[in-house]
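1. pasting the sequence and the predicted model now:
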Amino acid sequence: MEIPSNSLICSPRYCIVFMKIISINVRGLGVEDKIGWVRGICSSEKPDLIALQETKCKQVEDRLIHALWGNSDCGYIQKEAVDNSGGMLLVWDIKNYVAISACVSEFFLVVKGHWKGCDQDSIIVHVYGPHDDASKKIMWESLDYFVKSIDAAWLVCGEFNEVREPSDRLNCVFHQRWANRFNKFIAEINLIEIPISGRKLTRISDDGLKFSKIDRFLASDKFINLWDDLSVIALDRKESDHCSVVLRDKLLDYGPKPFEVFNEWFNKEGVEEVIKEAWKKPVTSIHSDSMFGDHLKNVKYCLKQWSNATFGNLDKEIGTLKLKVEDWGKKAESCSLNDIDRADWLEARRCWIENEKSKTKMLKQKARSRWKTKVRPEDGDCLVVLRRKKVEEKVVEVVCSLVRKQMREGREE
């Protein structure tokens with residue numbers, strides 16, 4: 001199936017890659033409440049891909065997909081519902097994920113591509129498992145052949161309509177024979193289930209009595225090795241009988257960008273030492289993601305102090321130097337200056353001009369960063385806070401080198 005042409009549009013992106021994929025059985029997209037619910041999840045979670053099962057739509061129109069996603073910066077493939085039953089939709093962020101090819105099967109959707117900044121291709125399979133045993137067997141055989149025929153980084157996710165062990169069901173019948181077949185299928189294609197947190201069981205019946213875990217993320221070693229630390233969490237179900245299930249790289253959520261930086265900082269000696277010394281300061285967190293955030297807070301605080309000391313009195317210093325240059329100029333007009341006085345005059349003039357240039361550059365960069373926050377993605381260069389500037393590359397270079405060193409030391413221990 002041909003991917004919509006807009007799904008391959010690229011916008012500038014920083015090369016540090018994070019990932020988030022959400023799977024949701026929406027139980028129909030025909031009402032505004034469901035559309036608003038999915039749009040709210042996309043807005044708050046900001047996934048790279050979202051896999052929707054049971055859309056119950058013959059065909060989901062572009063307008064509705066853009067409303068669900070929150071904008072038109074997305075590519076997608078879908079399988080139409082049959083007699084108001086079933087239906088699948090897989091949507092991805094074209095700013096983060098580059099789709100190369102895609103196809104539609106009776107029981108699953110497939111997209112092959114890669115995250116921008118990551119050279120390794122991956123294949124995402126979005127599953128909506130059938131209920132009857134014969135169809136389940138056909139789906140598993142098709143997936144088995146498909147996965148074994150291509151050596152790639154595989155992720156198979158969605159609603160499988162099958163469980164693996166008795167604890168995956170509560171107050172409903174467990175079939176050991178089909179659980180064994182499901183586990184055999186997973187083992188034979190060398191997939192690993194990413195453990196779930198938040199909630200153990202992902203579906204609840206309308207009467208609130210029966211629970212089951214039928215929504216999963218299964219990944220190959222190659223896919224797992226693309227990321228630092230994968231985790232799965234189940235969110236509240238709200239508008240469906242299924243929880244929304246989120247796969248993410250744990251290093252994703254550091255909150256807002258911790259500080260602004262300016263090109264002019266790196267024209268001053270000592271700024272790299274400030275960053276390195278700030279990174280060495282102790283932190284109180286014990287979890288790796290929280291520790292990383294605390295290290296960045298230390299860097300932010302120390303850079304702020306250094307910037308205030310270095311540039312904080314720039315206006316006052318410029319004013320003083322300007323007056324000094326004017327005084328020397330008037331004195332030079334009335335009498336001849338000796339070598340020492342002339343050197344002082346020229347040095348004051350040099351410092352005055354350099355400080356004026358520094359101030360102008362910083363103001364210009366700050367104004368440009370504000371302007372960038374208002375640029376639309378379709379205008380091209382749409383990233384915020386000067387991501388294409390060498391200044392951020394320098395900060396990332398210094399900080400990442402410290403992170404890599406810390407991770408190496410942790411492994412050695």
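-> Looks like it came in fine. Worth saying up front: this structure is predicted, and the values here are computed from it rather than measured.
2. can you show me the strands along the stretch 51-200 of the chain?
-> 74-79, 88-93, 97-104, 108-115, 122-128, 153-159, 169-170, 192-193, 196-197 (DSSP state E, counting those that start in this stretch).
3. any idea which of those is most buried?
-> Of all the strands of the stretch 51-200 of the chain, strand 88-93 has the most neighbours on average by mean count of other CB atoms under 10 Å, namely a mean of 26. C-betas here are computed from N, CA, C, even on glycine.
4. any idea of the mean pLDDT in that strand?
-> Mean pLDDT, strand 88-93: 94.
5. what's the answer for stretch 277-289, then?
-> Computed over stretch 277-289, the average pLDDT equals 73.
6. cool, stretch 315-335 as well?
-> 75.
7. with stretch 231-251 instead?
-> Mean predicted confidence for stretch 231-251 is 82.
8. quick one: contacts of that stretch?
-> 18-27, 33-34, 37, 41, 45, 47, 155, 157, 159, 194-199, 202-206, 215-217, 227-230, 288-289, 292 (CB atoms under 8 Å, 6 or more residues apart in numbering).
9. residue 345: which of the strands of the stretch 51-200 of the chain is closest?
-> Closest to residue 345 of those, according to CB to CB: strand 108-115, at 57.8 Å.
10. direction included, what does the closest one pair up with?
-> strand 97-104 (antiparallel), strand 122-128 (antiparallel) (DSSP bridges).
11. what angle separates that strand from strand 74-79?
-> Here strand 108-115 runs at an angle of 160 degrees relative to strand 74-79 (axes from the mean of the first three to the mean of the last three CA atoms, to 10 degrees).
12. same list, the strands paired with strand 108-115, but as a markdown table with distance to residue 355 please.
-> Below are those laid out as a markdown table (distance: least, CB to CB, whole Å):
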| stretch | distance to residue 355 |
| --- | --- |
| strand 97-104 | 45 |
| strand 122-128 | 51 |
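13. tabulate those (a markdown table), appending distance to residue 313 and mean pLDDT.
-> Below are the strands paired with strand 108-115 laid out as a markdown table (distance: least, CB to CB, whole Å; pLDDT from 0 to 100):
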| stretch | distance to residue 313 | mean pLDDT |
| --- | --- | --- |
| strand 97-104 | 47 | 93 |
| strand 122-128 | 52 | 95 |
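14. I'd like to know which of those is closest to residue 316.
-> Using CB to CB, the nearest of the strands paired with strand 108-115 to residue 316 is strand 97-104, at 50.0 Å.
15. of the strands paired with strand 108-115, which is nearest residue 80?
-> Here strand 97-104 is closest among the strands paired with strand 108-115 (CB to CB), at 9.3 Å.
16. is residue 293 within a helix or a strand, and which one?
-> Take DSSP states H and E as the rule and residue 293 turns out to sit in helix 288-311.
17. output that helix as PDB, restricted to C-alpha atoms.
-> The C-alpha coordinates for helix 288-311 follow below in PDB (Å, rounded to 0.1, in the frame of the first residue of the first chain):
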ATOM      1  CA  SER A 288      19.100   7.200  36.300                       C
ATOM      2  CA  ASP A 289      16.600   9.500  34.600                       C
ATOM      3  CA  SER A 290      16.100  11.600  37.700                       C
ATOM      4  CA  MET A 291      19.900  11.800  38.300                       C
ATOM      5  CA  PHE A 292      20.300  13.000  34.700                       C
ATOM      6  CA  GLY A 293      17.800  15.800  35.300                       C
ATOM      7  CA  ASP A 294      19.400  16.800  38.600                       C
ATOM      8  CA  HIS A 295      22.800  17.000  36.800                       C
ATOM      9  CA  LEU A 296      21.300  19.300  34.200                       C
ATOM     10  CA  LYS A 297      19.800  21.500  37.000                       C
ATOM     11  CA  ASN A 298      23.300  21.800  38.500                       C
ATOM     12  CA  VAL A 299      24.700  22.800  35.100                       C
ATOM     13  CA  LYS A 300      21.800  25.300  34.600                       C
ATOM     14  CA  TYR A 301      22.500  26.900  38.000                       C
ATOM     15  CA  CYS A 302      26.200  27.200  37.600                       C
ATOM     16  CA  LEU A 303      26.000  28.600  34.100                       C
ATOM     17  CA  LYS A 304      23.500  31.100  35.300                       C
ATOM     18  CA  GLN A 305      25.800  32.200  38.000                       C
ATOM     19  CA  TRP A 306      28.800  32.300  35.600                       C
ATOM     20  CA  SER A 307      26.800  34.300  33.000                       C
ATOM     21  CA  ASN A 308      25.700  36.900  35.600                       C
ATOM     22  CA  ALA A 309      29.300  37.300  36.800                       C
ATOM     23  CA  THR A 310      30.600  37.500  33.200                       C
ATOM     24  CA  PHE A 311      27.800  39.400  31.400                       C
END
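18. what's in contact with the following helix or strand past that helix?
-> Next along the chain after helix 288-311, taking DSSP H and E as the criterion, comes helix 314-334. Helix 314-334 is contacted from outside by 337, 341-342, 344-345, 348-349, 351-352, 355-356, 358-359, using CB under 8 Å, 6+ apart.
19. burial count for residue 32?
-> For residue 32, the neighbour count with other CB atoms under 10 Å is 9.
20. related to what we said a few turns ago, what comes up buried for the helix holding residue 293?
-> By 16 or more other CB atoms under 10 Å, the buried positions in helix 288-311 come out as 288-289, 292-293, 295-296, 298-300, 302-303, 306-307, 310-311.
21. next one: stretch 201-208
-> 201, 202, 203, 204.
22. end to end on that stretch, go ahead and measure it.
-> 12 Å (CA to CA, to the nearest Å).
23. so what are the domain limits for this structure?
-> 5-252, 263-412 (automatic domain parsing).
24. for those, which one ends up most surrounded?
-> domain 5-252 comes out most buried of these by mean count of other CB under 10 Å, with a mean of 17.
25. centre of the chain versus that domain, how much separation?
-> 17 Å (CA atoms, centre = their mean, to the nearest Å).
26. now residue 101, nearest residue through space, not along the chain?
-> residue 112 (4.9 Å; CB to CB, 6 or more residues apart in numbering).
27. so the one you found touches residue 120, yeah?
-> No. The criterion here is CB atoms under 8 Å, and residue 112 misses it with residue 120 at 11.5 Å.
28. quick one, what contacts the residue nearest to residue 101?
-> Here residue 112 is in contact with 99, 100, 101, 102, 121, 122, 123, 124, 152 (CB under 8 Å, 6+ apart).
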